[in-house]
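**Q** Got a sequence here, can you build the structure:
(chains A and B)
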Amino acid sequence: DAGVTQSPTHLIKTRGQQVTLRCSPKSGHDTVSWYQQALGQGPQFIFQYYEEEERQRGNFPDRFSGHQFPNYSSELNVNALLLGDSALYLCASRSEGAYSYEQYFGPGTRLTVT
Amino acid sequence: DAKTTQPPSMDCAEGRAANLPCNHSTISGNEYVYWYRQIHSQGPQYIIHGLKNNETNEMASLIITEDRKSSTLILPHATLRDTAVYYCIVRGVDSWGKLQFGAGTQVVVTP
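**A** All right, here's what the predicted structure looks like:
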């Protein structure tokens, strides 16, 4: 059973560009959350998707947007990249119906903005 | 969700128990205490959670004080693979997907 998978592993972009990161949840999971982790800090919640809708959102600007597909996979889009967007982007999944307590995290995508 | 306070770092000898403290003095009655850890270059990993009672699983034990204002995560026999950043998180029942991570405690297990 594959856990949470993310692609790509690493990415280098230029300031002002746009980027799309992808996440496949653990089998049987239907809820996906995205986190941003700057170097030396704990992960910060960006938003959560359930039933293809954004259900919760953290304190991130509208440049950060997402999407969830019918197969529960998800994308994180960041427009007009800033140098400060350089970070590890983590995806986490859980099963809403199973009333589970734990979230499973993927290995992350390391984004570098130059 | 209530905030948590953890020491920034601690060392532990291999084979010894590691006791990681966490202060959550503003915790509400329906908020759970969760512990995650993050090994370098990996995503965070769930360890354990609790509400009022002490909890134990194959990875660790969680001791919550009677007033619930603090807790301790115990790794009974630390190994080198337990070297990681450990996060104590308080989460309400209405925020299933949102985990508020702090800076955590960097634990280094030495031979």
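**Q** hey, where'd the strands end up in chain B?
**A** Applying DSSP state E to chain B gives strands spanning B:9-13, B:18-23, B:31-38, B:45-50, B:55-56, B:61-64, B:70-75, B:84-92, B:105-110.
**Q** for chain A, same thing?
**A** Here chain A has its strands, by DSSP E, at A:5-7, A:10-13, A:19-24, A:31-37, A:44-50, A:53-57, A:64-68, A:74-78, A:87-94, A:104-105, A:109-113.
**Q** Rebuild those as TSV, extending it with mean neighbour count, mean pLDDT and distance to chain B.
**A** C-beta coordinates here come from the backbone N, C-alpha and C atoms, glycine included. Converted to TSV, the strands of chain A look like this (neighbours: other Cβ atoms under 10 Å in any protein chain shown; pLDDT from 0 to 100; distance: least, Cβ to the nearest Cβ, whole Å):
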stretch	mean neighbour count	mean pLDDT	distance to chain B
strand A:5-7	16	97	9
strand A:10-13	13	97	11
strand A:19-24	19	98	11
strand A:31-37	25	96	5
strand A:44-50	22	94	4
strand A:53-57	13	92	5
strand A:64-68	18	98	12
strand A:74-78	21	98	12
strand A:87-94	25	96	5
strand A:104-105	22	94	3
strand A:109-113	18	98	9
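**Q** Quick test: name the residue nearest the centre of chain B.
**A** residue B:35 (3.5 Å; Cα atoms, centre = their mean).
**Q** what's the closest non-adjacent residue to residue B:21?
**A** Nearest non-adjacent residue to residue B:21, counting by Cβ to Cβ, 6 or more residues apart in numbering or on different chains: residue B:72, 5.4 Å away.
**Q** ditto for residue A:112
**A** Using Cβ to Cβ, 6+ apart, the closest residue to residue A:112 is residue A:12 (4.8 Å).
**Q** pretty sure the one you found is touching residue A:110, no?
**A** No. Residue A:12 is beyond contact range of residue A:110, at 9.2 Å (criterion: Cβ atoms under 8 Å).
**Q** between those two, what contacts are shared?
**A** Here residue A:12 and residue A:110 have no joint contacts, going by Cβ atoms under 8 Å, 6 or more residues apart in numbering or on different chains.
**Q** these two touch, right, residue A:56 and residue A:48?
**A** Yes. Assessed by Cβ under 8 Å, residue A:56 is found in contact with residue A:48 at 4.5 Å.
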